[in-house]
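Visitor: Build the 3D model from these lines:
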Amino acid sequence: MSSSTLRVAVVCMSNMNRSMEAHSILKKKGFNVRSFGVGSHVTLPGLAPNLPVVYDFSTTYEQMRKDLLCKNRMHHKSNGVLQILGRNERIKSGPERFQECRDPFDAIFTCTERVYKVVVKDLCAREQKTWQPVHVINVEIEDTLEAATLGALIICELCQGLQQEDDMQSSLPKLLQAAKKKTGKSFLHTICFY
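Guide: Next up is the predicted model:
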């Protein structure tokens, strides 16, 4: 399977940091990739931990960036949010919710167990029309800039391994075992159907 035929999705809560870092790296490697969030809103760090900045998923990355520039340029520059929004703008116009997408994927990577559970529950609740399998894999990634980059590299390595295999179903457990040995991370994996 080539990188352009493997259909990949990466999902985090807000389609902001972890999923977008993986989207960026996979796109540069030539993968057919999309990214999503599963939250009800896009939530960004605010001036205090209990005061997040909240946007609707219909808000573009450019609108968020301009709004944060007006609110407190120095704070949002120092915490990296403006840098993240700049990167995101170069990839796509705005965040997307996974629950609203009906496009099929071969592999869906989630960035936390909580997101993994939401994605699996959503897929299981959908009407199965084609019975095409989709592999849902959780790569636990802390929501920091550095961890997002390291997690994206793990996802990229897994995708590169998958593109070299003819039978994803039999090869994926071996790839996940090798990744566990290399990274020390455990991976949740399940198969759902479209």
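Visitor: show me the contacts for the nearest residue to Asp143 once chain neighbours are set aside.
Guide: Sequence neighbours aside, Asn17 is the residue nearest to Asp143 in space, at 5.9 Å (criterion: Cβ to Cβ, 6 or more residues apart in numbering). C-betas here are computed from N, CA, C, even on glycine. By Cβ atoms under 8 Å, 6 or more residues apart in numbering, Asn17 lies in contact with 84, 143, 145, 148.
Visitor: quick one: which of the residues you listed sit in strands?
Guide: Among these, no member falls in strands (criterion: DSSP state E).
Visitor: re earlier: now the residue nearest to Asp143. Its backbone dihedrals?
Guide: phi -110, psi -70 (degrees, to the nearest 10).
Visitor: Pro49: what's it in contact with?
Guide: So Pro49 contacts nothing (Cβ under 8 Å, 6+ apart).
Visitor: Just the pLDDT for it.
Guide: Pro49 carries a pLDDT value of 88.
Visitor: Please confirm that Gly94 is located within a helix.
Guide: No. Under DSSP: H, G, I helix; E, B strand; the rest coil, Gly94 sits outside any helix and is assigned coil.
Visitor: For Asn79, see how far away the nearest residue in space to it that is not next to it in sequence is.
Guide: Of all residues not flanking Gly94 in the chain, Thr60 sits nearest, at 4.1 Å (Cβ to Cβ, 6+ apart). Distance, Thr60 to Asn79, by Cβ to Cβ, to the nearest Å: 20 Å.
Visitor: now do Ile155
Guide: On the measure of Cβ to Cβ, Ile155 and Asn79 end up 24 Å apart.
Visitor: So between the two, which is more surrounded?
Guide: Shown here are Ile155 and Asn79; by other Cβ atoms under 10 Å, Ile155 has more neighbours (28 against 17).
Visitor: contacting residues around the more buried one?
Guide: The contact partners of Ile155, by Cβ under 8 Å, 6+ apart, come to 10, 22, 25-26, 109, 139.
Visitor: okay if I get the residues you listed as TSV plus distance to Gln177 and secondary structure?
Guide: Compiled in TSV, those are given as follows (distance: Cβ to Cβ, whole Å; DSSP: H, G, I helix; E, B strand; the rest coil):
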residue	distance to Gln177	secondary structure
Val10	21	strand
Ala22	21	helix
Ile25	23	helix
Leu26	22	helix
Phe109	17	strand
Val139	14	strand
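Visitor: could you dump those residues to a markdown table with pLDDT and neighbour count?
Guide: Formatted as a markdown table, the contacts of Ile155 follow (pLDDT from 0 to 100; neighbours: other Cβ atoms under 10 Å):
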| residue | pLDDT | neighbour count |
| --- | --- | --- |
| Val10 | 98 | 32 |
| Ala22 | 98 | 31 |
| Ile25 | 98 | 20 |
| Leu26 | 98 | 24 |
| Phe109 | 98 | 33 |
| Val139 | 98 | 25 |
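Visitor: ok, back up a step: got the contact list for the residue nearest to Gly94?
Guide: Contact analysis of Thr60 by Cβ under 8 Å, 6+ apart lists 89, 93-94.
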